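Novice: fold the stuff below for me.
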Amino acid sequence: MPHVGLDGLNSAAAFHPGPVQLFVRDFQSRVTPNETQRNTLIVAGVYFIVIAILWHVPFLNRILYPFKLLTVGFHEMSHAFVGVLTCASIHSIELDPDEGGATSMSGGIAWLTLPAGYLGSSFIGAALIACGFDTNASKVASLVLAVFFLFTLWWARKNLLSWVLILGMSGLIVAFWFIAEGVALRYLVLFIGVMSCMYVLWDVVDDTLARKINTSDASEFARICGCCPSRVWGFIWLIIAFCFFAAGILVGLVAFKVSRRETDVFFRA
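Specialist: Numbering: from 1, shown residues only. Take a look at the predicted model:
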């Protein structure tokens, strides 16, 4: 039997990595962005900075107003959909000009429907960020949003602001669908996704941790559960929202290794 020294064993181990090493290498290769994905990440970063600046600048913050209302719509729509899944009866959805909203329902499971607003809109934002890495995925996401819009219009049929917002956003999505072979739509979907995730993070901090309002979904959830104060639930929801944000980027990097052709088409148009 031939003798294998320690150096030989080390050499063999080096040439034959274990399952963990293979998984780490595969994961690193999958999340390493190609050139187009790097451009998408840069654009998302610019969105983040611009939104953060415009958020606090008087007059200029009105630019974000319709997108803030859209995120409020995602929040209320998430309440309603989880309510439907838990056998609740949805009576109405309302948006108001002060960037507030309300979902009226009876029945359902409160400890699922209450956190669904923040977490649902955060999940929607993360999904839109992931789809923002690919044009075809952005088109699919737009069609899914159209279905959500139809349900929301039905539940909010008596709320004029909801009609104006959804019809305006639908027109914007349709217009961007045909610009640069749909690549412009990808950047719009990416913007809405970043905006939605940022709004959720800000809203959770504002409503639950800073407690600038007397009541919130977290305070009502704390009242029902009785085990933790609302700030604890707000902090937990904030961590989950951050995880959704990060997951949206990772899924986009792994699932959509798009080519440079899309970027070329966009800048030639």
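Novice: how about the helices in the stretch 101-250 of the chain?
Specialist: Ranges of helices within the stretch 101-250 of the chain are 110-131, 135-155, 160-177, 183-204, 217-225, 230-255, based on DSSP state H, counting those that start in this stretch.
Novice: give me every residue that touches the residue nearest the centre of the chain.
Specialist: Centroid-nearest residue in the chain: Gly125, 1.3 Å away (criterion: Cα atoms, centre = their mean). For Gly125, the contact set (Cβ atoms under 8 Å, 6 or more residues apart in numbering) comprises 71, 74, 192-197, 199-200, 244-245, 248. Heads up, the C-betas are built off the backbone N, CA and C, glycines and all.
Novice: ok, it to Ile249 distance?
Specialist: Using Cβ to Cβ, to the nearest Å, Gly125 is found at 11 Å from Ile249.
Novice: report all helices and strands that the strand or helix carrying Gly73 contacts.
Specialist: Assigned by DSSP states H and E, Gly73 falls within helix 65-85. Counting contacts by 3 or more Cβ pairs under 8 Å, 6 or more residues apart in numbering; DSSP states H and E, helix 65-85 packs against strand 89-96, strand 100-106, helix 110-131, helix 135-155, helix 160-177, helix 183-204.
Novice: give me the buried positions along the fifth one.
Specialist: By that I understand helix 160-177. Using 16 or more other Cβ atoms under 10 Å as the test for burial, helix 160-177 gives 161-162, 165-166, 169-170, 173, 176-177.
Novice: before we move on, what about the second one?
Specialist: Judged by neighbour count using 16+ other Cβ under 10 Å, the buried positions of strand 100-106 are 101, 103, 105.
Novice: possible to save these as JSON lines with distance to His91 and pLDDT?
Specialist: As requested, the buried residues of strand 100-106 are arranged in JSON lines below (distance: Cβ to Cβ, whole Å; pLDDT from 0 to 100):
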{"residue": "Gly101", "distance to His91": "14", "pLDDT": "85"}
{"residue": "Thr103", "distance to His91": "9", "pLDDT": "89"}
{"residue": "Met105", "distance to His91": "6", "pLDDT": "92"}
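Novice: out of these, which is nearest to Thr208?
Specialist: Sorting the buried residues of strand 100-106 by how near they are to Thr208, with Cβ to Cβ, puts Gly101 at the top with 16.3 Å.
Novice: now do the contacts for the closest one.
Specialist: 72-73, 75-76, 93-95 are the contacts of Gly101 under Cβ under 8 Å, 6+ apart.
Novice: just list whatever residues bridge to it.
Specialist: Gly101 has these beta-bridge partners by DSSP bridges: Leu95.
Novice: and it, how far from Thr71?
Specialist: Gly101 sits 10 Å away from Thr71, taking Cβ to Cβ as the criterion.
Novice: return stretch 225-233 as CSV; C-alpha atoms alone will do.
Specialist: Listed next in CSV are the C-alpha coordinates belonging to stretch 225-233 (Å, rounded to 0.1, in the frame of the first residue of the first chain):
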residue,chain,number,x,y,z
CYS,A,225,-50.8,39.7,22.1
GLY,A,226,-50.2,41.2,25.5
CYS,A,227,-46.7,39.8,25.8
CYS,A,228,-44.5,42.6,24.4
PRO,A,229,-44.9,46.4,24.1
SER,A,230,-45.5,48.0,20.6
ARG,A,231,-41.8,49.2,20.3
VAL,A,232,-40.6,45.6,20.5
TRP,A,233,-43.0,44.5,17.8
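Novice: fine, thanks again, bye for now.
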